[in-house]
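Visitor: Just to be clear, the model below is a prediction. Sequence and coordinates:
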Amino acid sequence: MQSELEGRVALVTGAGSPTGIGLAAARALGREGAMLAIASTTDRIREREDELRGEGLTAAGFAADLTGASETRALVDGVLELYGRIDVLVNNAGMVQVGLEEEERSFIELGEADWDRTIGRNLRTAFSITRLVVPGMVKRRYGRIVMVSSVTGPLVSNPGSVGYGAGKAGMDGLMRGLAVELGRDGVTANSVAPGWIASGWGLPSTTTRRAAPTGCSAQPADQAKLTHHGGPPLRASPRASRRREIGRRVDDAAP
């Protein structure tokens, strides 16, 4: 039986962490037959590439800082040169960036540079790369766009997370606009909203235990299932409907 994404090309951003949602999503898509392009800001993406290839998946890693227009363009051009097209785009880049220290700041303490940096990392990255990928999807009349948003912003908030929440809420607004404008062209756009995930960033802590009532965070693989097998619509699947869906939350997992 042919795998569901056999012959499709999937680009997953923010896939550098060995324990993160990006790598888990790429692995899930690859196991369904997709040829993978994975990206992160540093060369550690080569380790993830080797990891996926070691599992028998077709994968290529690209290092690019998506907050910069030239590197974003170079990433998309590199994927197109290698595979010829991009059928699935998973916008997972954001939250934190290797090499940059993060500080939680209250709204009163938040400077314009802090705001611009946080919005740039969590919203502009998604806009910039989607803007470059969508024309090819429309031309082929096929595309699947998945935004990895968050419960923080669209649904809830935390002290010191004003910029992050605004960026993630903006991702959901971007998703809805894309869904309305591109649905007739065979391109779907959907969003999934992780809560506390046991990734490199959200490992167990006092804060995590307080945010997850069962005291147990969900796993990156749980999020990856929603990226592809997310119920109706199956977000990255050829069977994805033209509906747009928001609010598929993944966080508090039973032990």
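Guide: Noted; the coordinates are in hand.

Visitor: Quick one: residues contacting the nearest residue to Pro159 once chain neighbours are set aside.
Guide: Sequence neighbours aside, Ser106 is the residue nearest to Pro159 in space, at 6.8 Å (criterion: C-beta to C-beta, 6 or more residues apart in numbering). Glycine gets a C-beta too; all of them are placed from N, C-alpha and C. By C-beta atoms under 8 Å, 6 or more residues apart in numbering, Ser106 lies in contact with Pro159, Gly160, Val162.

Visitor: And for Gly173?
Guide: Going by C-beta under 8 Å, 6+ apart, Gly173 touches no other residue.

Visitor: Please, which helix or strand holds it?
Guide: Here Gly173 sits within helix 162-182, counting by DSSP states H and E.

Visitor: swap in Leu11?
Guide: Counting by DSSP H and E, Leu11 is found in strand 9-12.

Visitor: other SSEs contacting the helix or strand following that strand?
Guide: Next along the chain after strand 9-12, taking DSSP H and E as the criterion, comes helix 21-31. Under the contact criterion of 3 or more C-beta pairs under 8 Å, 6 or more residues apart in numbering; DSSP states H and E, helix 21-31 touches strand 9-12, strand 35-40, helix 45-54, strand 88-91, strand 143-148, helix 220-228.

Visitor: between the ones you listed, which gets nearest to Glu81?
Guide: Nearest to Glu81 among the helices and strands packed on helix 21-31 is strand 35-40; the distance by C-beta to C-beta comes to 10.7 Å.

Visitor: Sheet partners, orientation included, of the closest one?
Guide: Here strand 35-40 is paired, per DSSP bridges, with strand 9-12 (parallel), strand 59-63 (parallel).

Visitor: would you list these in JSON lines and tack on distance to Ala113 and mean neighbour count?
Guide: Below are the strands paired with strand 35-40 laid out as JSON lines (distance: least, C-beta to C-beta, whole Å; neighbours: other C-beta atoms under 10 Å):
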{"stretch": "strand 9-12", "distance to Ala113": "29", "mean neighbour count": "28"}
{"stretch": "strand 59-63", "distance to Ala113": "25", "mean neighbour count": "21"}
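
Visitor: what about those, which gets the closest to Val88?
Guide: Closest approach to Val88 among the strands paired with strand 35-40 (C-beta to C-beta): strand 9-12, 3.8 Å.

Visitor: tilt between the strand ranked longest in the chain and helix 162-182?
Guide: With secondary structure taken from DSSP state E, the chain has its longest strand at strand 187-194. Put simply, strand 187-194 runs at 150 degrees to helix 162-182, going by axes from the mean of the first three to the mean of the last three C-alpha atoms, to 10 degrees.

Visitor: what residue of this protein is the furthest out?
Guide: Among the C-alpha atoms of the chain, the one most distant from their mean position (C-alpha atoms, centre = their mean) is that of Ile108, at 29.5 Å.

Visitor: what's the burial count for Ala69?
Guide: Using other C-beta atoms under 10 Å, Ala69 has 11 other residues around it.

Visitor: before we move on, what about the one 3 residues further on?
Guide: One way to gauge burial is a neighbour count; for Thr72, by other C-beta under 10 Å, it gives 23.

Visitor: With Thr13 instead?
Guide: Neighbours around Thr13, by other C-beta under 10 Å: 28.

Visitor: same question, Asn91
Guide: 30.

Visitor: give the contact list for the residue nearest to it when sequence neighbours are not counted.
Guide: The spatially closest residue to Asn91, leaving aside those adjacent along the chain, is Ala126, at 4.2 Å (C-beta to C-beta, 6+ apart). Counting by C-beta under 8 Å, 6+ apart, Ala126 touches Asn91, Ala93, Gly94, Met147, Met171, Leu174.
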